[in-house]
Structures are given as C-alpha cells and as structure tokens.
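> Please work out how this folds:
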Amino acid sequence: MKSLPSSTRYAAFVLLVALLASLAVAAFRFQIERHTRHVEIAMDYNDFIQLAKSYDYKPDAFLIALRRAGLTSLALSEELGANVGSDGKVNMLTGTQVLDQARLSPIADPTLAGLVKAGAVKPDFVYLQIYDRPTFDRYMQMLPLHFEAKSIKVLRATAPWLIAVHTQIDFFGNVSLGIPADQLALARRLGLEIVPRFQNDERYQAPQIAKLFASLGGDKRVSTAIFFGLRNQVVGFPDHIDDTAQIFKDHKYAFGSIEIYDDTQIQKGNDTLAKDIPGQTVRVLAIAKTELDKLKFDEVVARYVLGVRERNVRVVYLRPFGHQQGDLSIEATNVAMVKQIADALHDEGFTLGRAAPIPQYRGNNRILVGLAALALPSLLVLLLGYFGRYRRSYAIALYAGTILFYLAGAFSSHDAFVRSVIALLSALAFSAAAFLAMARAFREDPAPTTGAQILRSLKWTLVVAGVAMLGALVVVGLMSFPLAMEEIERFRGVKLVLVVPPLIALSLYLFSGRFGTDQRPVEIFGMPVRAYHLLILAVVAAGGAFLIMRSGNQSDIAPSAFELSLRHGLTAILNVRPRFKLFLFGVPMLMLAPALLPAHRRVAGWLMALGAGVGIGDIIDTFSHLHTALAVSLLRIFNGLWVGAIIGILAILIYRAVVRRLAPRTA
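So this is what the prediction gives:
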C-alpha cells in the first residue's frame, strides 16, 4: 500500500489508540476466561432413576460410582401431576375412577367410602391418598400455587392423608408439584450439588415465585437453576421475570441458559432474565434422549468436551446412555462416560465444581470500548486518503457520527445493537484494508526460483492475515461483554462477515485499479456475456449460497459422513480444528496469487480475489463467535494458517511444475 497523505496521519494515530484499547479489552477478557473454567457435570435424576429401576441397579451405589468418576451435580425436576404415584407414596384417583370402583367392590378407604355413600364424590375432582408426611407437606405447599384455596380440600389430616382437588385430570397432569424431599436429601447425602428444575405457571407472581424457590429450604448446595416445561418458559414469564431475577440475586444462584441451534427453541424469557442478572448466567449443553439414542459413546463424549472447550458451556447436562460400550454393562458404560468427560476436561485445564459464569469485568469498560469504536472512522479516513478522496468534512462527519452513535447506544437500551453495527462495519472495513495490503502482489512478476516464491507468498499471506487479525481485534474490543460471551446478545453480523469480504475483494480487484486490471468498470460491464460466463457466475453464486448455509454451529446443510470423520480427525490431531474455508481456500489462494504468471493472473485473478476474501472473512469471523474463548480462536487461526500454507506450497510446486512442462510447447 502506498504511503498515506500527510493530511490523514492523525487518523493513523487515532487508529493506533483504538487498537491499543481493543488489545486492553482482549487482555482483560483473556484473564477472565482463565478464571471462569469451573464446569459442572450434572445428571438428570428422572432419567437416571428410570434406567436404574429398569436394570435393577442400586441408585445410591450407582450415583456414588458416578460421583467418583467426576459427576458433580444432580438435576432434580419438579414432580408433575402425571407422575404422581410412581414412587408408591401416593395413590391418585379421579372422581370417576372412585365411583367406578365403588360399583365393583367396597371402597377400602373409610373417608372415600363415606363420600361415596353420601353422594359427595364428584367426577371433576382428583383425589390424592398420601402415605408419606413430607409428600403431604409438599403438596400442601405447592397446590395453592396453582389452584385457588376453594379448589383444594383436605379430607383427612392424618395418615394416610387425603386431599381432593377440583380440576380436570389432563390439566392436573401438567401441574408441577415441587421437588420431592427425598431427592433433595439424596443429593445432600452423596455430596452432590443440586440443579433445581422448575416449571413456570403464567399465573405466578412474586409471592408464588418466592414460595417455589423457598421449597429448596435455602440449601447451600443449590448451584444452577434450569427451567423446563412444555411451554418452554422461564419462571415468571411473561410479567414477573423481574421477581425471579430478584430471587437469583438474593441467593446468588446461577441461571442455566440452554444452548440451542434454532431460535425457535429459545426459552421464552431466557434473554430477559439473563439481562436482569448480569454475571449469573451459564451456558448449558444437553443432548435430547431421541438424539442420544442415535449417537455412539465416543461421539457423546466428544460433543460435550467440544462444547465446554469451544462454546463456553459450563454445565454438562447428562442423561443416561442406554447402550453398552464394548463388554461393559450399562451401569459401567455410564460411569466410564462420566470419567472420560471429566478426564478430558481436566486435561484441557478445566476444574470440576460449580459452574462459573462470566462476571462483569474491566474489559467491558465504556471508555475502552468507546476508544475501540474509533477504529472504524479512523480506518475509513485512511482508506479515503489511500484512494485520493479525503476531505476534512468527510473525516469530521465520520468521527462525529461514530461518537454520537456510540453514545446513543451506551446511554440507552440499544447498546448491544449499536456495538454490533460498529463492529460489523469495522470488520468489513478491515477486510477491505487486508485485501488492499496485497495489491502489489497482483502486479509484481513471480520470483525466479520456487523457494523465493514460496517465501514471498508466505510474506504476503502473513501481511493479509495480520491486517485481518487487526479487524478481529476491533470486533473483540467492541463485543467482549458478558452477555455476548454467553450468547445472550448475539453478534448480528456473523454471516455478513463471511459473505461480504469476498465481494469486497472482488470489487476492489476489478474496479479499484490497484491490482493490475486495465479495464474500466464501463468496459467490464460492457463485455459480451458468453455461456461460460453464465456457468462461472452460477458456480460462484452456488458457492456463496453454500457458504451461507454451511455457516453456524448447526448449518442448513448437514455435513457428510466423510466430512464429519475428517473434522474428528483434525480435532484429534490438532486439538482445535481449523476451518475448511481458511486452510482449503483462503490461505492457498493467498499464496498462489503472487505465484501466477501475469497472463494466468489476468485470467484467474478474480478467482484468487474471491478466495482471498473468503480467507480474510473467515479470520475475522472466527473471532465474531464471542462464546468461543480467545485462546481457542487464536489456536484455530494458527492451525488454519500453517495447514493452509502447506497446501499453498504444494499448489505453488504443482503450478510451477506444470508451467515448466508446458513452457517448451508454448515457446
């Protein structure tokens, strides 16, 4: 890139300040990520007890073995009305069932028999015969949260207790009745943390929410609360989430935000609650039972470990694995699975215990972030100077507009959106600067020797990657706040950071006049369109669509079995798998472009520009996934660069060998 006009040198200084501010944010973030590596391994108790009963395993001994293997917590869900009586402590009958039974034989329960004789049994009542005092106490505490007082009648206040509830059986089946006391006692006795799972009732208000959490008895072993239910809502939704948040603040509970791959699966009220309790949210990874049955043992272990290492998951939510691993029993298989997950996490430097949320930290400082935001207008001013379009009025407008836009977000509820916009525009501006940094590589003749050309190509690749990394640094400086790192606030420009840089690179290659292309835009658009042009355009468009659909944790196009195997192999070898877009396309094309003969470059230069843009976009996009730790993203880029460099060197060797072989024929 040619030297910048003296009139824009102040922008270079401001850009340096902005980059230093971004670096400070990154340093603070790196430090906080090192101190939030506590991971919870929780077992779903309901699924666990079903498995244990099915195979006649002793639950206590089974749980002790799991705890020794690395299990830290027991996830205890509220009992639903549909499950009443499954533990033998309650007998549930509808009024219709009582009447039908009375027609066949005398009713053994004297109170019910008296009601039948008096004609007082109603078909639209549910009758609960309770043989356990803690269960009776729990029902008397929980039923008033869902039913009016007049709908609940204690027919007998001595053992066995008898309660009548005026309701329909299908409605009662979905009513939550608290966490059984014996399950809480089991977790305490075995030294396991308690992960309470509550279901929302949209009629809950502050008193009911307080009583719901009070049912835990203020237990100090309560760690992370995770909500469930057919309606998929957090407790307090829609109008009393603030009351739930106050409970979390008072008791210092962590809120478990379940990782999803489809926005329609987000729990209603999830983001609102997380924003109300900053620094108390942790990401939870669970595998649904239907999917778990289709996975192999190693795949389950790998998915959980990958989630913790690369997606900031801090609660590994386990359900029992129902298949044998080799000669191991089902019980031993589950113990082995917990042990492998725990050992792998230990090897990665994680600590097992209570899940560690990302707290508010010094990196999320408005002044530092505001300074980082100045990278955008500074770089735009420098680009204007580079193209000879600099005007002082443009610079004033860019700086003033950015500052006012940032301040408007900082002092409103739209801070995350404003930071996302500035981060996206910064990413795109740096992608343009990164591609412009190698403009001379498209104009110079290839080196006379292969070794010299490889070194020259490596130099250009590192220059481009370095500028792209500066763009990634600015994104990190702007977006590294806890809610984004927990993926509550999502960076809205992730897909654009992948798709737009190749288009920017192609446009600069064709129209900027800096890459050795002689045609003016009018000439390019005035060229006759041939069939092969349309074919190439269709291939490029298909490639772009494929790039978009394959982006994200769960893409619209499922990877093939071969690709999955390749991913697994790369992860096993390199620990952090580089992205295919970088090491298969971006880096090889960055290296090959300077090695092409001028004649060949005129033909294939546009393709090299697109490939370079893909690589640039991928470098910045890697750091746009804010839930991934900086150390992991850095290692991913490093692996992508050196693996891609090897492929690029092979491409240069093959190209020069082919050129030498064909040279006599073309002489």
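> State whether L212 and Y204 are indeed in contact, as I suppose.
Yes - under the criterion of C-beta atoms under 8 Å, L212 is in contact with Y204, at a separation of 7.3 Å. The way it works is simple: take the backbone N, C-alpha and C, and place the C-beta from them, glycine included.
> Find residues that contact each of these two.
When contacts are counted by C-beta atoms under 8 Å, 6 or more residues apart in numbering, the set common to L212 and Y204 consists of L145, V235.
> Those two - which one has more neighbours?
Ranked by neighbour count (other C-beta atoms under 10 Å), L212 and Y204 place L212 first, with 26 against 22.
> Quick check: closest non-adjacent residue to that one.
F198 (6.0 Å; C-beta to C-beta, 6 or more residues apart in numbering).
> how much space between the one you found and P578?
Distance, F198 to P578, using C-beta to C-beta, to the nearest Å: 42 Å.
> do the same with I403
Counting by C-beta to C-beta, the gap from I403 to P578 is 38 Å.
> Please say which of these two ends up with more neighbours.
Regarding I403 and P578, a neighbour count based on other C-beta under 10 Å identifies P578 as having more, with 24 against 14.
> And the more buried one, how close does it get to V587?
Here P578 is placed at a distance of 9 Å from V587 (C-beta to C-beta).
> Overlap of the contact sets of the two?
With contacts defined as C-beta under 8 Å, 6+ apart, the residues adjacent to both P578 and V587 are G640, V643, G644.
> So which of those residues are in helices?
In helices, defined here by DSSP state H, the members of the shared contacts of P578 and V587 are G640, V643, G644.
> what's around A210, how many residues?
Residue neighbour count, defined by other C-beta under 10 Å, stands at 15 for A210.
> give the contact list for it.
Contacts were defined as C-beta under 8 Å, 6+ apart; by that measure A210 touches D243, I247.
> What strand or helix carries it?
With secondary structure defined by DSSP states H and E, A210 is part of helix 206-214.
> Just name the shakiest helix or strand of this structure by mean pLDDT.
helix 521-526 (a mean of 52; mean pLDDT, DSSP states H and E).
> can you dump the C-alpha coordinates of the helix holding A210 into PDB?
Only the C-alpha atoms of helix 206-214 are listed here, as PDB (Å, rounded to 0.1, in the frame of the first residue of the first chain):
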ATOM      1  CA  ALA A 206     -43.800 -12.500  43.300                       C
ATOM      2  CA  PRO A 207     -45.300 -14.500  46.400                       C
ATOM      3  CA  GLN A 208     -45.700 -17.700  44.400                       C
ATOM      4  CA  ILE A 209     -42.200 -17.400  42.900                       C
ATOM      5  CA  ALA A 210     -40.700 -16.800  46.300                       C
ATOM      6  CA  LYS A 211     -42.500 -19.900  47.700                       C
ATOM      7  CA  LEU A 212     -41.400 -22.000  44.800                       C
ATOM      8  CA  PHE A 213     -37.700 -21.300  45.500                       C
ATOM      9  CA  ALA A 214     -38.300 -21.500  49.200                       C
END
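> Let's test this: mean pLDDT of that helix, rounded?
Helix 206-214 shows a mean pLDDT of 95 in the predicted model.
> what do you get for stretch 574-588?
Averaged across stretch 574-588, pLDDT comes to 91.
> Can I take it that E202 is in a helix?
No - under DSSP: H, G, I helix; E, B strand; the rest coil, E202 falls outside any helix and is assigned coil.
> Around it, count how many other residues there are.
For E202, using other C-beta under 10 Å, the count is 12.
> distance of it from T244?
Taking C-beta to C-beta as the criterion, E202 is separated from T244 by 13 Å.
> And T281, by the same measure?
Computed with C-beta to C-beta, the distance linking T281 and T244 is 13 Å.
> again, but for F417
As judged by C-beta to C-beta, F417 and T244 stand 25 Å apart.
> Out of the two, name the residue with the larger neighbour count.
A count of neighbours by other C-beta under 10 Å puts T244 above the other of F417 and T244, at 29 against 13.
> mind listing what's buried in the helix or strand where that one lies?
Assessed by DSSP H and E, T244 sits inside helix 241-251. Judged by neighbour count (16 or more other C-beta atoms under 10 Å), helix 241-251 contains these buried residues: I241, D243, T244, A245, Q246, I247, F248.
> Return the closest of the residues you listed with respect to K150.
Using C-beta to C-beta, D243 comes nearest to K150 of the buried residues of helix 241-251, at 25.2 Å.
> Distance check, the closest one against F213.
10 Å.
> now swap in A206 and tell me
Distance of A206 to F213, computed by C-beta to C-beta: 11 Å.
> Show me the chain divided up by domain.
Domain segmentation of the chain under automatic domain parsing yields 6-31+370-666, 37-78+184-352, 83-172.
> Worst mean pLDDT among the ones you listed?
Mean pLDDT is lowest for domain 6-31+370-666 out of these, coming in at a mean of 88.
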